[in-house]
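J.: Coordinates for the following, if possible.
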Amino acid sequence: MYIALLEDDPNQVELIKLWLESAGHQCDSFETGNSFTTALKQHRHYDLFILDWMLPDTSGIEILKWVRREHCQNTPIIFVTARDSEQDIVRALQTGADDYMIKPVKQLELVARINAAGRRAHTGESEGEVLEIGPFRIAFAERAIHFGDETIELTQKEFALAVFLLRNNGKLLSRGFILEKVWNMPPEINTRTVDTHISRLRNKLHLTPEYGWRLSAIYQHGYRLERLEESEAA
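T.: Okay, the predicted model is just below:
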């Protein structure tokens, strides 16, 4: 993969670049947020971003927001930072990061997480896979879900959650399990992220009885997406 590393500590840059290149990846490094965003504005393409939080001219969280808003929704982003509070971890993941590692990081774990993020991002894309479930057509190459003639606009995490729910329709899924599989977050973290995204998807994907679906919150357990029989549909 072609990776962009945003890190201002030259020792960390040297070490991480060595690890990445020894694992077969290419890596460009940037010391400031400005140099990083300038490169992306020049249409330089990367398969994955690694961000530090504390930077000379801005913060990694602001760079994350900019990337997701202005540049791309789908490219994996991993934080590698000394900030270790649960609030920071949750904030980064809710803002659009795919993973979060606390310094000092270990070589094999970092490479494994990079490879896992790459696999998740490209699942189905290389083959141009199209998955059809009921009225939904999921086009992985364009990361879009079509409902009849309608193309439903989704964020990266909404798309990942929608695919996960549709592939597991009929199953009871705990909030912790969803956090683990879709957000790569520890299942014990207390956050409303899942509930917020579920509510958005229920509206965007028409997951209501009048359209033949029910997305239910099961008290103290989680969520279940069900495809209804004609007699049950409103």
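J.: CA atoms for contacts and neighbours, from now on please.
T.: Fine.
J.: Can you name every helix or strand that the worst-scoring helix or strand of the chain on mean pLDDT contacts?
T.: Using mean pLDDT, DSSP states H and E, the weakest-scoring helix or strand in the chain turns out to be strand 130-133, at a mean of 83. Applying 3 or more C-alpha pairs under 8 Å, 6 or more residues apart in numbering; DSSP states H and E, we find strand 130-133 packed against strand 136-139.
J.: what does the strand it packs on contact?
T.: Residues from elsewhere that reach strand 136-139, judged by C-alpha atoms under 8 Å, 6 or more residues apart in numbering: 128-132, 144-148, 163.
J.: Restricted to buried residues, select those in PyMOL.
T.: Buried subset of those, written as a PyMOL selection, criterion 16 or more other C-alpha atoms under 10 Å:
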select buried, resi 130+144+145+146+147+163
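J.: ok, the contacts of strand 136-139 vs Leu172, which is closest?
T.: Nearest to Leu172 out of the contacts of strand 136-139 is Val163 (C-alpha to C-alpha; 15.2 Å).
J.: in what helix or strand does that closest one lie?
T.: In the assignment (DSSP states H and E), Val163 maps to helix 156-167.
J.: what pLDDT, on average, does the next helix-or-strand element following that helix get?
T.: Sequence order places strand 172-174 as the next helix or strand after helix 156-167, per DSSP H and E. Mean pLDDT, strand 172-174: 90.
J.: ok, then the element right after strand 172-174?
T.: Sequence order places helix 175-178 as the next helix or strand after strand 172-174, per DSSP H and E.
J.: mind checking how far that following helix is from the chain centre?
T.: Offset of helix 175-178 from its chain centre (C-alpha atoms, centre = their mean, to the nearest Å): 15 Å.
J.: So which bits of that helix are buried?
T.: Buried, per 16+ other C-alpha under 10 Å, within helix 175-178: 175-178.
J.: what's the closest of those residues to Met1?
T.: Nearest member of these to Met1, counting by C-alpha to C-alpha, is Ile178, at 27.2 Å.
J.: who's in contact with the residue lying closest to the closest one once chain neighbours are set aside?
T.: Distances taken as C-alpha to C-alpha, 6 or more residues apart in numbering place Val194 nearest to Ile178, at 7.4 Å, with adjacent residues excluded. Residues in contact with Val194 (C-alpha under 8 Å, 6+ apart) are 175, 178-179.
J.: Please, which helix or strand holds Val194?
T.: If you go by DSSP H and E, Val194 is part of helix 193-204.
J.: That helix vs helix 156-167, what angle?
T.: Per axes from the mean of the first three to the mean of the last three C-alpha atoms, to 10 degrees, the angle that helix 193-204 makes with helix 156-167 is 80 degrees.
J.: Follow the chain on from helix 193-204 and name the next helix or strand.
T.: For helix 193-204, the following helix or strand on the C-terminal side (DSSP H and E) is strand 213-218.
J.: hmm, who's touching that next one?
T.: So strand 213-218 is contacted by 202, 206-208, 223-228, 233 (C-alpha under 8 Å, 6+ apart).
J.: Cheers, nothing more for now.
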